[in-house]
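Undergrad: Predicted structure and sequence below. I'll ask about it afterward.
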Amino acid sequence: MEALSCMMKRALDKGLYRGLKCGSEGPVLSHLLYADDVIFLEEWTTLNALNLSRILRCFYLVSGLGINLSKCCVFGTEVNGFEKSQLAMVLGCRVGDFPFTHIGLMVGRNMKGVNAWGPVVELFRKRLTRWKAKQLSFGGRVTVPEGVMDKLERLRRLFFWGGSEEKAKMNWVAWDKIMAPIEYGGLGLGRLRDVNVSLLAKWWWRFKNEKGRLWWKDDRVVWLGDKVGGFSVRDIKLKIVANVYTEPEFVFDWNRLVPRKVSFVAWRAVLDRLPTFVALAKRNIPVRSNLCPVCDELEASVEHIFISCGLAQSLWCVISQWCKMPDFFLFSFRDLLEVHKYLRLSSIKANILQAVCLIATWCLWKKRNDLVHSGVPIQLPGLVQEIKVLGFLWVKNRGKMTSLTWENWCRFKV
């Protein structure tokens, strides 16, 4: 397409083609290129149209790239329908009407209205369909008018929790918490509004500082975001985030040795946002009993399922012995997430121990669900074996510990 640009520039210089002049002192525009899409801009004359047709014919003969004129349209402003039809006949294309969509963007419509953003919302809806949400785990899902931004965020929220516009599912964690950066205790999905403002600021920066551009004005603006005064979208996003969120007392420590879906269960557990019997009852969802399905003694809360239940205590005792660690003294789920920090371990071994605790949490929760929904009893030896197998596969491959053998892993020689 660079050859076409050169031909159009030459035609402008020779006076064979007359483009549109931008203001009294601005440049003359003849065409706009994006990949293989072209918009030609010209004065409304039959001679201009004929010359454009000849230029496109020459381009075809030189490059071999033909243009399907039957898919092209002529758009005109302040001209009647008859004039549009006449020019369309000269070029051999169709008559188009405003507004129209070009490379996904609406052209010729007032974009301040919410309804004008319908195609964008529809694109979101198609991309974030319910069947895609069902195929992905939680770990894998991971200036516009105000009303439009709210619609888009709602579609993201429905997709994340696996619901649809016809039937929403329960949102166990506040959406603001999910969008928050990881360092602020969230999942790091980010707010669309922050991205939008940051990108608009980038255009504002270019408008003020890039000489030779169509939009340039002769005034200088300095960005104080960094020492050298250069603008950065990342910097402005960080400043927006710092003004929106406050640092929490506890920040979940995500571990790269395990899949995100594994850590996600622990992240929800520390927030007390897992669908335990107690949590379901608080949300007025009927349950047969609040008691733990394993011991049938105390209420099945997060703390009981993972810490105080007899099965959980036996599990942590076996894991501490396998990892050659002192017995874990746990009073809360948060203690479990931080146990690796209070033992005198190398950074590698501490990271592996944390991964083992996360895997054990995930496996225990999965086994508990199998018991509740399918009546499959939980056997401690089988649970421990599953933790060891998954831990070996994930730690060896995700941690790139190619020399790690199953024998050494079973002895926790890492």
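TA: That came through fine.

Undergrad: after the helix or strand of the chain with the lowest mean pLDDT, next one along is what?
TA: Least confident helix or strand, the chain: helix 130-135 with a mean of 58, by mean pLDDT, DSSP states H and E. Downstream of helix 130-135, the next assigned helix or strand under DSSP states H and E is helix 146-160.

Undergrad: Quick one: mean pLDDT for that following helix?
TA: The average pLDDT for helix 146-160 rounds to 82.

Undergrad: Can you give me the buried ones in it?
TA: Buried residues in helix 146-160, counted by 16 or more other CB atoms under 10 Å: 148-149, 151-153, 155-160. For every residue, glycine as well, the C-beta is placed using N, CA and C.

Undergrad: Counting by contacts, list what it packs against.
TA: Counting contacts by 3 or more CB pairs under 8 Å, 6 or more residues apart in numbering; DSSP states H and E, helix 146-160 packs against helix 118-127, helix 130-135, helix 175-179, helix 192-209.

Undergrad: among those helices, which is the most enclosed?
TA: Among those, helix 175-179 has the highest mean neighbour count (mean count of other CB atoms under 10 Å), at a mean of 18.

Undergrad: Averaged pLDDT, it. What do you get?
TA: With pLDDT averaged residue by residue, helix 175-179 scores 90.

Undergrad: for stretch 209-218, same thing?
TA: pLDDT averaged over stretch 209-218 gives 63.

Undergrad: for the stretch 301-414 of the chain, what spans make up the helices?
TA: Secondary structure of the stretch 301-414 of the chain (DSSP state H, counting those that start in this stretch): helices located at 302-303, 310-322, 333-338, 347-374, 380-398, 406-410.

Undergrad: With distance to E183 and mean neighbour count added, can I get those in TSV?
TA: Below are the helices of the stretch 301-414 of the chain laid out as TSV (distance: least, CB to CB, whole Å; neighbours: other CB atoms under 10 Å):
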stretch	distance to E183	mean neighbour count
helix 302-303	24	20
helix 310-322	29	17
helix 333-338	16	18
helix 347-374	17	19
helix 380-398	22	16
helix 406-410	32	13
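
Undergrad: Those helices: which one's closest to V233?
TA: Closest approach to V233 among these (CB to CB): helix 380-398, 30.3 Å.

Undergrad: who are the neighbours of the closest one, in terms of helices and strands?
TA: helix 310-322, helix 347-374, helix 406-410.

Undergrad: Could you point out which of those sits nearest R234?
TA: With CB to CB, the closest approach to R234 among the helices and strands packed on helix 380-398 belongs to helix 347-374: 27.1 Å.

Undergrad: so where is the stretch 51-200 of the chain shaky, pLDDT-wise?
TA: Where the stretch 51-200 of the chain drops to pLDDT under 70, the residues are 111-112, 114, 127-146.

Undergrad: Can you verify I55 is assigned to a helix?
TA: Yes: according to DSSP: H, G, I helix; E, B strand; the rest coil, I55 belongs to a helix.

Undergrad: which among the buried residues of helix 146-160 gets closest to S232?
TA: Checking these one by one against S232 (CB to CB), the nearest turns out to be M149, at 23.0 Å.

Undergrad: so the closest one sits right up against V195, yeah?
TA: No: counting by CB atoms under 8 Å, V195 is not a contact partner of M149; they are 10.2 Å apart.
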